[in-house]
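# This is a predicted model, with the sequence first.
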Amino acid sequence: MTILVKIFGDLRKKIEGYTISDALPLNLQIDSNGIDTIADILNKFAIEKEETYHLFVNGTYSGFNKKVKNGDRVGLFPKNMSLLYKWYFERNEDE
């Protein structure tokens with residue numbers, strides 16, 4: 001059971017074992033066992049919440065507490081790739 005995690009920009013440098021040579025996102029298939037929220041994914045890769053700016057689950061603007069499950073697609077964007085989403089879209093969170 002896997003989750004596709006797409007890591008963009010400078011956050012790609014945080015992932016050990018990968019060489020970044022272009023502007024494409026780093027696509028990782030991770031095991032969904034033990035991963036319940038976006039925050040769990042950040043912890044898995046030692047990415048601090050403050051380093052991120054926009055988070056997406058299956059194309060929906062999401063927050064750190066958004067639940068993820070097998071087959072989901074998660075996008076992680078760093079602060080230096082901020083967009084206008086926060087002004088126009090509400091973050092989708094699970095409590």
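It's in.

# Now do the buried residues in the helix or strand containing Asn43.
Element membership of Asn43, judged by DSSP states H and E, is helix 38-44. Neighbour counts over helix 38-44 (16 or more other CB atoms under 10 Å) mark Ile38, Ala39, Asp40, Ile41, Leu42 as buried. Where you see a C-beta, it was placed from the backbone N, CA and C, and this is true even at glycine.

# got a markdown table for the residues you listed, with distance to Asn65 and pLDDT too?
Putting these into a markdown table (distance: CB to CB, whole Å; pLDDT from 0 to 100) gives the following:
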| residue | distance to Asn65 | pLDDT |
| --- | --- | --- |
| Ile38 | 7 | 96 |
| Ala39 | 7 | 96 |
| Asp40 | 10 | 97 |
| Ile41 | 12 | 97 |
| Leu42 | 11 | 96 |
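
# Go through those residues and say which is closest to Gly9.
Lowest distance from Gly9 to the buried residues of helix 38-44 (CB to CB) belongs to Leu42, with 14.7 Å.

# picking that back up, which helices and strands sit right next to the helix holding Asn43?
When contacts are defined as 3 or more CB pairs under 8 Å, 6 or more residues apart in numbering; DSSP states H and E, helix 38-44 packs onto strand 52-57, strand 73-78.
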